[in-house]
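**Student:** I'll drop the sequence and a predicted model, then ask my questions.
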Amino acid sequence: MATIDLSVTPVREANERLRKYGADGIDVEVLNPDARHHIGVGLTHPVNVHIRGSAGYFCGGLTDGPRFIVDNNVGWGVGDNMLNGSIVVNGNASAIPAVAIRGAEIVVKGNIGSRAGQVMKAGTLLACGNASFMAGYMMYGGRLIILGNSGEKVGQDMTGGDIYVAGKIGEMGADAMLIDLPARERDEILAFLDKYKIPFSGTFQKIVNAGKKLRYPKTEPRRRAIPFFESFADNSYWNAKVQEDIHIKSQIGRYRIRGYGAARPMPHLSDIAFRKDIRIGAMSDPDVLSKVEMRTEVGGRSGANPLKLSMPVMIAPMSYGALSKSAKLALAIASRLSGISENTGEGGMSKEQREEASQLIYQCLAGRLGWNIHDMQKANGLEIYISQGAKPGLGGQLMAKKVTPEIARIRGIPAGIDLRSPSRHPDVLGADDLVIKVEEFREATGYRVPVSVKLGAGRVRDDIKIAWKDGFDFVELDGMQGSTGAAGNEVLEFVGIPTLSAIQEARDALTEVGGLDMPVVLMGGIKDGIDTIKALALGAHAVAMGTSAIIAGGCIACLQCHAGTCVTGIATQDPEHEKRYNIPVEARNIHHFLESVRWQIAAITHALGYSDPHQVSRDDLVALTPEAAAITRLPYHPEYRERDQGLLKAS
Amino acid sequence: MCGIAGILYKGSAAADAGVGKALIDMLDGCQHRGPDSTGFSLYRDPVPGHLRLRFIVGDGAEARAAIGRVKTKLTEFQAKIVEEEHKGSSFAVLVKFDGDLQTFSFEMEHAAKLSSIGESLDIIKDLGGAHDVDNVYKIGNFKGTHGIGHVRLATESDVAPEATHPFWATGFSDISIVHNGQITNYYKMRRRLEKQGYFFNTDNDSELIAVYLADKLKHGFSLKEALKTSIDDLDGTFSFLVSTKDEIGYAKDKLAAKPMVKYEDDKIIAIASEEVSLNRLFPGRALNTSEPAPGTYDTWQRSISA
């Protein structure tokens, strides 16, 4: 057995040694842990680790296989996202023990803190003492066994799984109910207790989901789809979409869900123009690509391996779930062909997607759907999603039709529910907690990959300062012109902040704190190379394209992404629909579109007299509307509108 | 956006306890939660008929001007300076004063940024980590029965000494607060208190908690009763520690959104955001700690007479 003494070894080095001992199959004893955070994070071998004292936050988090024993207490999130293996805690566990576990066995001999087992998917959490507030909050599966008292609001908004309480049950949580305990399950629990040598002879009450909130009571009647541009054409008072909305709401009596983004006219990059005369001739230079340097690195500011983009463009995060596997594959292939990065979005990483994308960012959302240590270690970047431009402050939505058995398996949730992902991370309730979470990701991946944050534009000024303070390698900032697979119509139209305001506020905030070294990747309605250069001039380091990329790959903008019956095979999980999607053809189309973006970036950069698009600055821009001028503080020059339209035609 | 810590020594030998060093160790232990600035609420021996005031004055000419204004204002109130000290960015005085404290303190605000007033209370706060602040103010040597402290991650307001915790209950002597979290009904509560004639020195929600509690104490509540009502009256996510001349206490919101761990034995009660801070008091030893339940509060009184 090897020994690591934390009174002389920093945790980062200790974890590296632990991983090495793990690979060699050597058991380890950890001395003087003194409640330090992240002990054992990222371990993926079935070795025994004995911690002689207390551990801090995320003890044994993001692991698969090891067996930990902790002599005393543990801090927040013991066993975070653990796949297999076990942790036996001889003292008490603080808040969110066993958060998001996917098969592990977490045994706490003392009491457990609040929100135990939040968003757990599979495995067992056992508390020999009492639980606290909201035990089993939003759990999706697995079992939570409490030998003491349950605490208040037990089973709050649980979706699946079982909670067994031997002691007193406090107030029941929303959408939870008591049922009879089958004898077989009692035997299984007693066998589990026996395995960990815990004497017990009482009985249990069983709590499960009551099923009242898993599905919308009424589904929207199917109608002929009215495409985006037709829906919102001309009359903004009584257009086709308004009429359809009223009809459908009169049937279902609630808000509507739809795909795509805001359609309300809103100040955007199209209200900004270039100040200089752009010679149309300069834009037809056949060698322009060789005259402009576009390569862009993102994410190396704290020493991680940066993403290396062939131009300042990324594919925006979109989930496998919202999109079909075929559409995600086409995006992955196109991103590789164009030398840029792809992003997994919420629903986890597929093997095929990983193989096709040469640079892949892996996103971690509040529900931890599809999140695991193995895919983290395969990713080129890790991203914490806080929110999305189309629906800031809300979690993702995936309607039942798209929650197929395969999607459910990858995400670790029950199939066939109207999935409303949590909007709030279990372990990030402030900037201080976020620091510790980011550190956990870095520990799990040996500090090799960049860690970014995706922010939906809301309180941009404050949020961006927090992102900088917390040491993120870059920010993906998403304005309200961005789209989504499903959200309430009112949210799409009336909640977000325009992309133009978002980049301006971000730039102002970073200037204020001296944080311009942190790159901002702007997204939300970026449709071409012209928008890209404007975004760069306003302060972005790169842009990310979502909607424009899927339109290039065949999307017809019918706004029915949520329904799951996408006729193009993009936003569906139905094999009958998906088979219409021709992966190689659409991958090539997306690639071609991205190359047209590259050409536009080069041509405009060159025509403006620069050799790198990052040299274009605010001095090269004017505002065409009073609103855009007020937002950006650019000079108001409406007379440039005509020239701008000429530029659009030429490119 | 922070880490908090507090300690109270029990028993008759407590007056000579190394509370300064204990707070430095605990705050250094959770400095990852807030590297920007660090602050300490210490309780010195009271001198009857005297008050301690500490101001944040900056440095150089700005500091000299501020100190000048403070002295003029003190003369106006016939507060006679017995001791004075200008260290780091702060200026501290011990004055002989027996007038109306609330008027005095509101007026002194106009002279310079006031960080504390009390018969005993002395709030020392500045930029940097616990050891940085100790290097300037020599807190490690401080002996006393109890104190609280804070490490701050500046996210919304500036990295400035006056935005650093702990916060003093403006207008009241000897009450201070360290807080981790956010009070979401801040403006509603502030307007209520302002209607009663209270003055707020900052826009920080932690100052609100301090004034809220001080107001309750003024109306005859015990500290424990005041903490109890605070859990119902304050909305948001919070774990906070309060200290007075003779007591420390905590309150934790109903959602348990912010961490807090406590350790208690015959000699001490220590509370911190994370166990890693408590462990600094007992290196290499596994502690029998517990986590206060959501929506709970408690207080501890020092057992020796002042």
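**Tutor:** Done, it's in.
**Student:** so how far is chain B from the residue lying closest to A:Ser341 once chain neighbours are set aside?
**Tutor:** With sequence-adjacent residues excluded and distances taken as CB to CB, 6 or more residues apart in numbering or on different chains, A:Ser341 is closest to A:Gln359, at 4.0 Å. (Glycine included, C-beta is placed from N, CA and C.) Counting by CB to the nearest CB, to the nearest Å, the gap from A:Gln359 to chain B is 30 Å.
**Student:** same thing with A:Leu190?
**Tutor:** Taken as CB to the nearest CB, the span from A:Leu190 to chain B is 29 Å.
**Student:** List the residues that contact that residue.
**Tutor:** By CB atoms under 8 Å, 6 or more residues apart in numbering or on different chains, A:Leu190 lies in contact with A:Phe200.
**Student:** could I have the one helix or strand it maps to exported to CSV, CA atoms only?
**Tutor:** Counting by DSSP states H and E, the element that carries A:Leu190 is helix A:183-195. Output of helix A:183-195 as CSV, limited to C-alpha atoms (Å, rounded to 0.1, in the frame of the first residue of the first chain):
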residue,chain,number,x,y,z
ALA,A,183,-41.1,-7.4,0.6
ARG,A,184,-38.5,-8.1,-2.1
GLU,A,185,-37.2,-4.5,-1.9
ARG,A,186,-36.8,-4.7,1.8
ASP,A,187,-34.7,-7.8,1.4
GLU,A,188,-32.6,-6.0,-1.1
ILE,A,189,-32.0,-3.1,1.3
LEU,A,190,-31.1,-5.5,4.1
ALA,A,191,-28.7,-7.3,1.8
PHE,A,192,-27.1,-3.9,1.0
LEU,A,193,-26.8,-3.0,4.7
ASP,A,194,-25.4,-6.4,5.4
LYS,A,195,-22.7,-5.9,2.7
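**Student:** Distance from the chain centre to whichever strand or helix holds A:Gly22, please.
**Tutor:** Following DSSP H and E, one finds A:Gly22 within helix A:11-23. Using CA atoms, centre = their mean, to the nearest Å, the mean C-alpha position of helix A:11-23 is found 28 Å from that of the whole chain.
**Student:** residues near the closest residue to A:Ile550 other than its chain neighbours, how many?
**Tutor:** In space, and not counting its chain neighbours, A:Ile550 is closest to A:Ile570: 5.9 Å by CB to CB, 6+ apart. For A:Ile570, the count of nearby residues is 28 (other CB atoms under 10 Å in any protein chain shown).
**Student:** Residues of chain B that sit close to chain A?
**Tutor:** The interface of chain B toward chain A, taken as CB under 8 Å from any CB of the partner chain, is made up of B:1-3, B:32-34, B:153-156, B:180-182, B:237, B:254-259, B:261, B:273-276, B:278-280, B:283-291, B:293-295.
**Student:** and those residues, which of them are in strands?
**Tutor:** Among the residues of chain B next to chain A, the members falling in strands (DSSP state E) are B:2-3, B:180-182, B:237, B:261.
**Student:** Enumerate every residue touching the residue lying farthest from the centre of chain A.
**Tutor:** Seen from the C-alpha centroid of chain A, the residue lying at the greatest distance (CA atoms, centre = their mean) is A:Ser201, 43.9 Å away. For A:Ser201, the contact set (CB under 8 Å, 6+ apart) is empty.
**Student:** Return the distance of it relative to A:Met349.
**Tutor:** 45 Å (CB to CB, to the nearest Å).
**Student:** how deep is the residue in the stretch 51-200 of chain B positioned nearest to chain A tucked in, by neighbour count?
**Tutor:** The stretch 51-200 of chain B approaches chain A most closely through B:Thr155 (4.7 Å), counting by CB to the nearest CB. Using other CB under 10 Å, B:Thr155 is surrounded by 22 other residues.
**Student:** what's the answer for B:Val47, then?
**Tutor:** 15.
**Student:** just to revisit the earlier point, residues contacting the helix holding A:Gly22, please?
**Tutor:** Residues contacting helix A:11-23 (CB under 8 Å, 6+ apart): A:2, A:4, A:6, A:9, A:27-28, A:30, A:36-45, A:47, A:49, A:66, A:443, A:446-447.
**Student:** pLDDT averaged over the longest helix along chain B, what's the number?
**Tutor:** Criterion DSSP state H: the longest helix present in chain B is helix B:60-76. Throughout helix B:60-76, pLDDT has a mean value of 94.
**Student:** Tell me which residues of that helix come out buried.
**Tutor:** B:63, B:66-67, B:69-71, B:73-74 (16 or more other CB atoms under 10 Å in any protein chain shown).
**Student:** re earlier: show me what contacts the residue of the stretch 51-200 of chain B closest to chain A?
**Tutor:** For B:Thr155, the contact set (CB under 8 Å, 6+ apart) comprises A:431, A:462, A:465-466, A:469, B:1.
**Student:** Any of the residues you listed buried? List them.
**Tutor:** A:431, A:465-466, A:469, B:1.
**Student:** Report the two of those separated the most.
**Tutor:** A:Lys465 and B:Met1 (10.5 Å; CB to CB).
**Student:** Can you give me the end-to-end span of stretch A:316-335?
**Tutor:** For stretch A:316-335, the separation between the terminal residues is 11 Å (CA to CA, to the nearest Å).
**Student:** Contact partners for B:Glu264?
**Tutor:** Contact analysis of B:Glu264 by CB under 8 Å, 6+ apart lists B:Ala270.
**Student:** how far away is it from chain A?
**Tutor:** As judged by CB to the nearest CB, B:Glu264 and chain A stand 14 Å apart.
**Student:** ok, now how distant is that residue from A:Phe593?
**Tutor:** Counting by CB to CB, the gap from B:Glu264 to A:Phe593 is 65 Å.
**Student:** Ramachandran angles for A:Phe133?
**Tutor:** phi -50, psi 130 (degrees, to the nearest 10).
**Student:** Residues of the stretch 301-450 of chain A that sit close to chain B?
**Tutor:** Counting by CB under 8 Å from any CB, the stretch 301-450 of chain A sits next to chain B at A:429-432, A:435-436, A:439.
**Student:** most neighbours, which of those?
**Tutor:** When neighbours are counted by other CB under 10 Å, A:Asp432 leads these with 28 neighbours.
**Student:** That one and B:Gln31 touch, don't they?
**Tutor:** No: when contacts are counted by CB atoms under 8 Å, A:Asp432 is not listed as touching B:Gln31 (11.0 Å).
**Student:** shared neighbours of those two, which are they?
**Tutor:** B:Gly3.
**Student:** any idea how far the closest residue to A:Phe192 other than its chain neighbours lies from A:Gly161?
**Tutor:** Closest residue in space to A:Phe192, ignoring its immediate chain neighbours: A:Thr124 at 6.3 Å, by CB to CB, 6+ apart. For A:Thr124, the distance to A:Gly161 equals 10 Å [CB to CB].
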